[in-house]
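from the sequence below, what's the structure:
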Amino acid sequence: MLELAILGFLHDAPLHGYELRKRITALTGHVKPVAESTLYPAIKRLENARLLERATQPGSVAAPRHVLTLTEEGGRELRRRLAQPPQRDITDENRWFTVLAFLRHLPDPGAQAAVLRRRLAFLEEPASFFYDGDRPLRAEELDDPFRRGILTVARATSQAELTWLRTTLDSLDAAGR
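Predicted coordinates for the structure are as follows:
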């Protein structure tokens, strides 16, 4: 997801590493802060794959800084990753938010809708954090107020997302006609 976030933010605008790290942390940092020791090797991999370029600009106060820019190939790779996210990017909420943050970069409403439909199908499957054998438990079936709270919050979040997904899909379908 780190590489997708790098490509997505650089699609928006060229950035230097520090600013890129701040933006990625704002998007995903509540889950897992982005360390320099993780970010810079990912940038180097993308640069070696010719998906981004680095240019040196004079610093305003300190040393020169490196500004990163997405290449045409990087834009194509971003769109490919957005159009065909792996299933774990659909089912894991934090990974899903990264996909969703950049889905607007897919120019085709039909391609955007296809990704949203995958998430919708996932959310429509019965699921729970807690089970009785193979049967998912509902909040109302639990005596533990904390587990009941987890399921209550999760249900409200899922319902809000389902409503948003259906409304957005209707809008994308209308745009595709």
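
now the lengthiest helix in the chain: buried residues?
Ranked by residue count and defined by DSSP state H, the top helix of the chain is helix 145-176. By neighbour count, with 16 or more other C-beta atoms under 10 Å as the criterion, the buried positions of helix 145-176 are 147-148, 151, 161, 165, 169, 172. No exception for glycine: its C-beta is placed from N, CA and C like everyone else's.

from those, which is closest to residue 68?
Among those, residue 172 lies closest to residue 68 (C-beta to C-beta), at 30.9 Å.

quick one: the helix or strand where residue 41 lies to chain centroid distance?
Using DSSP states H and E, residue 41 sits within helix 36-48. Mean-position distance between helix 36-48 and its chain equals 18 Å (C-alpha atoms, centre = their mean, to the nearest Å).

residue 63: what secondary structure?
Secondary structure for residue 63, judged by DSSP: H, G, I helix; E, B strand; the rest coil, is coil.

give me the distance between it and residue 16.
Computed with C-beta to C-beta, to the nearest Å, the distance linking residue 63 and residue 16 is 11 Å.

more neighbours, the two?
More crowded of residue 63 and residue 16, by other C-beta atoms under 10 Å: residue 16, with 16 against 7.

in contact with that one, which residues?
For residue 16, the contact set (C-beta atoms under 8 Å, 6 or more residues apart in numbering) comprises 57, 65-68.

most neighbours among those residues, please name it.
The residue in the contacts of residue 16 with the most neighbours, by other C-beta under 10 Å, is residue 68 (21 neighbours).

who's the closest spatial neighbour of it, skipping the chain neighbours?
In this structure, residue 68 finds its nearest non-sequential neighbour in residue 52, 5.3 Å apart by C-beta to C-beta, 6 or more residues apart in numbering.

counting neighbours, what do you get for that neighbour?
A count of nearby residues for residue 52, using other C-beta under 10 Å, gives 22.
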